[in-house]
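>>> Sequence first, predicted coordinates after that:
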Amino acid sequence: MIAVIRTLALLAAAALTSATQLHADATEAERDQGRQVYDDYCVSCHGRDMVNSGGATFDLRKFPKDDFARFRKAVLDGKPPAMPAWRDRLGDDDLKLLWAYVRSGG
């Protein structure tokens, strides 16, 4: 039983490491595509290059670079009252590209 638990823990750790590595190793093309998604959905509130002078929106350059789960939840579910939920408009591929761009810092 302990061997099974240990194996499951190792598999979970490997999956988490792979997911983190995937995000860390975004290619320039993925960041560019992510910027296009950002320009389509985010720029009007978060500003060009994630800089919104004078707005009350969150500075995405300060978003924790290791917290994809939080980012995903915020984007898909929104952040009331100001940020809309994008669940019906952004798929997983767009979300991953957007994350690559946000992680790059703009």
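Cool, the structure landed.
>>> When you work out contacts or count neighbours from here on, use the C-alpha atoms and nothing else.
Fine.
>>> Does Phe68 touch Leu98 like I think?
No: contact between Phe68 and Leu98 fails when scored by C-alpha atoms under 8 Å: they sit 10.7 Å apart.
>>> what about those two, which has more around it?
Neighbours around Phe68 and Leu98, counted as other C-alpha atoms under 10 Å, are more numerous at Leu98. The numbers are 28 against 19.
>>> Does that one touch Val37 like I think?
Yes: between Leu98 and Val37 there is a contact at 6.1 Å, judged by C-alpha under 8 Å.
>>> residues in contact with the closest residue to Lys65 other than its chain neighbours?
Nearest residue to Lys65, sequence neighbours excluded (C-alpha to C-alpha, 6 or more residues apart in numbering): Arg103, at 5.6 Å. Contact partners of Arg103, counting by C-alpha atoms under 8 Å, 6 or more residues apart in numbering, are Arg61, Phe63, Lys65.
>>> Can you select the buried ones from these in PyMOL?
Selection of buried members from the contacts of Arg103 for PyMOL, criterion 16 or more other C-alpha atoms under 10 Å:
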select buried, resi 61+65
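>>> Just put the contacts of Arg103 in a markdown table and tack on pLDDT.
Formatted as a markdown table, those follow (pLDDT from 0 to 100):
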| residue | pLDDT |
| --- | --- |
| Arg61 | 91 |
| Phe63 | 93 |
| Lys65 | 94 |
